[in-house]
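1. missing the sequence, but the structure's below:
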């Protein structure tokens, strides 16, 4: 149980285009989902927290107009990187917190984004 | 959330127990200790968590000192597949709200050698 999937697992896009990444909790409902970014040889950095049906809360320094987050249902959150640039190339990871529990978070396998 | 201190790296022989320490001297009474690991190019994997008492599951054991200022994650019989970065995180537990986020430090790179 407690499986989180991400799609796509990797994507290459051209500079200036937008990319959407999906995060799904497959066998549980997640009222809260989190989006992280990880650069090579670095730790995970939290970008934003999203609650189902409400606006996402972004961490300091993360541009909310560039990284659009939608959490329309209890099992799906999406991250759209708008007008992507090479510096946005990174490993994007989502996690979902199990509703009504002590708060274990389960992570997706990650999406490798390369912007050329 | 309280900060944690972990060694940068550790080595362990395959089949032996791996003991990963974590210091969290400023932990608050309502903060839990969580352990996650990340195998290269994958998302983090939940291992175990605890508040005061020692905990054990199919993956590992978590030993928390009586004063709760430090803890040790024990992998009883390490295998090559346990090679990963292990993160010790302290965080307020409970459900509800949007502030129950996990803040990752640098973690410990555990290398299991044959």
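-> Thanks, I have the structure now. None of these values were measured; they are calculated from a predicted model.
2. mind listing what the residue in chain B that chain A sits nearest to touches?
-> As assessed by C-beta to the nearest C-beta, chain A sits closest to residue B:43 within chain B, at 3.7 Å. Where you see a C-beta, it was placed from the backbone N, CA and C, and this is true even at glycine. Residues near residue B:43 by C-beta atoms under 8 Å, 6 or more residues apart in numbering or on different chains: A:4, A:6, A:93, A:95, A:107, A:108, A:109, A:110.
3. show me the contacts for residue 18.
-> With no chain named, the answer covers chain A. Counting by C-beta under 8 Å, 6+ apart, residue A:18 makes contact with A:80, A:81, A:82, A:83, A:84.
4. try chain B instead
-> B:10, B:12, B:74, B:75, B:78, B:82, B:110, B:112.
5. can you tell me the SS state at the last one?
-> Here residue B:112 is recorded as strand under DSSP: H, G, I helix; E, B strand; the rest coil.
6. how near is it to residue A:43?
-> Here the criterion is C-beta to C-beta, to the nearest Å. By it, residue B:112 lies 21 Å from residue A:43.
7. let me see the ranges of the strands in the chain.
-> I went with chain A, as the question did not name one. Using DSSP state E, the strands of chain A run over residues A:4-7, A:10-13, A:19-25, A:32-38, A:45-51, A:57-58, A:67-73, A:76-81, A:90-97, A:105-107, A:111-115.
8. wrong chain, I was asking about chain B
-> Under DSSP E, chain B gives strands at B:9-13, B:18-23, B:31-38, B:45-50, B:55-56, B:61-64, B:70-75, B:84-92, B:108-113.
9. as TSV, those strands with distance to residue A:75 and mean pLDDT would be great.
-> Output for those, formatted as TSV (distance: least, C-beta to C-beta, whole Å; pLDDT from 0 to 100):
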stretch	distance to residue A:75	mean pLDDT
strand B:9-13	37	97
strand B:18-23	33	98
strand B:31-38	22	93
strand B:45-50	18	92
strand B:55-56	29	96
strand B:61-64	30	98
strand B:70-75	31	98
strand B:84-92	24	92
strand B:108-113	33	98
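10. quick one: closest of those strands to residue A:16.
-> strand B:31-38 (31.4 Å; C-beta to C-beta).
11. neighbouring contacts of the closest one?
-> Contact with strand B:31-38 is made by A:44, A:102-103, A:107, B:1-2, B:20, B:22, B:24, B:27, B:44-51, B:60, B:62, B:64, B:68, B:71, B:73, B:82, B:84-93, B:102, B:104, B:107, B:110, as judged by C-beta under 8 Å, 6+ apart.
12. what pairs with that strand, parallel or antiparallel?
-> Taking DSSP bridges as the criterion, strand B:31-38 sits next to strand B:45-50 (antiparallel), strand B:84-92 (antiparallel) in its sheet.
13. quick check: angle from that strand to strand A:90-97?
-> When axes from the mean of the first three to the mean of the last three C-alpha atoms, to 10 degrees is applied, the directions of strand B:31-38 and strand A:90-97 differ by 140 degrees.
14. for strand B:31-38, what is the distance to the chain centroid?
-> 5 Å (C-alpha atoms, centre = their mean, to the nearest Å).
15. now do that strand against strand A:32-38, angle only.
-> Using the same axes, to 10 degrees: strand B:31-38 against strand A:32-38 is 50 degrees.
16. how near is the most centrally placed residue in chain B to residue B:8?
-> The centre of chain B sits closest to residue B:35, judged by C-alpha atoms, centre = their mean, with a distance of 2.9 Å. Applying C-beta to C-beta, the value for residue B:35 to residue B:8 is 17 Å.
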